[in-house]
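Colleague: Kindly generate the corresponding structure for this input.
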Amino acid sequence: MQVRCPHCERVFPMPDEQAGQAGQCPGCHGRITLPKAAAASSVIASELLVAPPTAADAVYAAVPPENPGRSTPAASDALDRRLLDLPPVGSGAAPLSNKEVLAKLKFQPPPEYTGVRQLPWPIDILVYPANVAGLTALAIVVGIPVLLTVLQEVVFLPFLGLMFLLAKVALGVYGAWYWAECTADSAKGGTRAPQILDAAGYGDKWSRVCGLLAVYAVFVLPALAYFLSGGRNPAVVGLLLGWALVFFPMGLLAMVLHEGLYVLNPLFLLGSIVRTFVPYAGLLVLIAVVAASFRLVAGRLVQGSASLERAVLGLVLAGYVSLVLAHVLGRFYWRYRERLAWDV
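Modeller: Take a look at the predicted model:
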């Protein structure tokens, strides 16, 4: 794709697979982020501006104003090669790979995973969030709401309460989005909570979270609504719980990787479940064991603590176990992606 810098209007080529990555314009050194989807022609990265440009590049400044290098394909290609400090056309030098070009542009390449675990798998699963990225995300999603709650109790003002509520909702959206990113990263072979460098706006995050909420509404909400309405028919309760247990995990995984409402079709999910029936049954058992274990640990840790301490510990443990389960779900796709045949 051809990307136009919003600072200097310079157009330069970038591989399509690097959409969404952050880097530096080779012409003016302005900080930009590539658009997530390349258009048929040039695309402008103006809406994703991160920082103002620095001093103009000497090579770009040397181009005559009446011919900025975009008049002919040959001139544009020659300027592109000079900006990237590449050998001129016809010099006989081997062309640079995409990775080398990206390094010159100071773009952050996506991580390359092998899927190999560093520790025995039970331990490796449990320590999945125990790195800088995972603990930072937990601190943001749990620590800031707790701090806002304490401040609201100390400084009680109505307008502050509304602001704090909106802030907590925004943090909740971020937490759910990060959970989805952990699932997607594990599906690529990641074994530790990822350092998210994505420059997605709040609208993109909310769109992904809405997909997760749609899965919850279709597969879990019916059982919850029936129970809260006073329904106690054993057959109906069993049917609704079975519906949620069987389809909800696969629905979450499919929504994270596909991001399309068509994955809510039970027939689509049922085909995936049938193709991976035995390992999927093992996945459901593993999820139940992990959730029950953390619930038991949480009960022991918060016993005898003050109310605020119990709330904080409960939120921390709930966030930690949710990231562990995100990894387990994504790892399921990593191991059985050929059987699932989702082509993502």
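Colleague: From here on, just use CA atoms for contacts and neighbour counts.
Modeller: Will do.
Colleague: Show me where this structure has its helices.
Modeller: Counting by DSSP state H, residue ranges of the helices within the chain are 58-61, 73-83, 98-104, 121-126, 132-138, 144-154, 158-187, 202-219, 221-228, 234-258, 266-275, 277-302, 307-340.
Colleague: which stretch in the ones you listed has the least confidence?
Modeller: Out of the helices of the chain, the stretch the model trusts least by mean pLDDT is helix 58-61, with a mean of 40.
Colleague: Spit out the contact partners of the spatially most central residue of the chain.
Modeller: Computing the C-alpha centroid of the chain and ranking residues by C-alpha atoms, centre = their mean puts Glu181 first, at 2.6 Å. Listed by C-alpha atoms under 8 Å, 6 or more residues apart in numbering, the contact partners of Glu181 are 194, 196, 256.
Colleague: For those, which entry has the maximal number of neighbours?
Modeller: Val256 (24 neighbours; other C-alpha atoms under 10 Å).
Colleague: And it, how far from Val209?
Modeller: Summarising the geometry, the distance separating Val256 from Val209, computed by C-alpha to C-alpha, to the nearest Å, is 9 Å.
Colleague: likewise Ala281?
Modeller: Following C-alpha to C-alpha, the distance that separates Ala281 from Val209 is 26 Å.
Colleague: In terms of neighbours, single out the busier of these two.
Modeller: Between Ala281 and Val209, counted using other C-alpha under 10 Å, Val209 has the larger neighbour count: 24 against 13.
Colleague: Count the residues that sit near Gly238.
Modeller: Neighbouring residues of Gly238 were enumerated by other C-alpha under 10 Å; the total is 13.
Colleague: Closest one to Val324 out of the contacts of Glu181, please.
Modeller: Compare each of these with Val324 using C-alpha to C-alpha and the shortest gap goes to Pro194, at 12.5 Å.
Colleague: so how far is Ala217 from the closest one?
Modeller: Pro194 sits 28 Å away from Ala217, taking C-alpha to C-alpha as the criterion.
Colleague: How about Trp342?
Modeller: When distance is defined by C-alpha to C-alpha, Trp342 is 23 Å away from Ala217.
Colleague: Over to Val274?
Modeller: Applying C-alpha to C-alpha, one obtains 23 Å for the distance of Val274 from Ala217.
Colleague: got it, and Leu317?
Modeller: Noted for Leu317: a distance of 25 Å to Ala217, by C-alpha to C-alpha.
Colleague: So for those two, which residue has more residues nearby?
Modeller: A side-by-side neighbour count of Leu317 and Ala217, using other C-alpha under 10 Å, places Leu317 first with 18 against 14.
Colleague: wait, what's in contact with that one?
Modeller: Contact partners of Leu317, counting by C-alpha under 8 Å, 6+ apart, are 294, 298.
Colleague: that older thread, would you format the helices of the chain as TSV with distance to Pro15 included?
Modeller: Written out in TSV, the entries for the helices of the chain read as follows (distance: least, C-alpha to C-alpha, whole Å):
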stretch	distance to Pro15
helix 58-61	22
helix 73-83	14
helix 98-104	7
helix 121-126	34
helix 132-138	27
helix 144-154	38
helix 158-187	21
helix 202-219	22
helix 221-228	42
helix 234-258	22
helix 266-275	33
helix 277-302	37
helix 307-340	25
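Colleague: Quick one: closest of these to Met14.
Modeller: Among these, the nearest to Met14 by C-alpha to C-alpha is helix 98-104 (8.3 Å).
Colleague: For Ile315, the count of nearby residues, please.
Modeller: Not Ile; residue 315 is Leu. When counting by other C-alpha under 10 Å, one arrives at 18 neighbours for Leu315.
Colleague: Pretty sure it sits against Val142.
Modeller: Yes. Counting by C-alpha atoms under 8 Å, a contact exists between Leu315 and Val142, whose distance comes to 6.4 Å.
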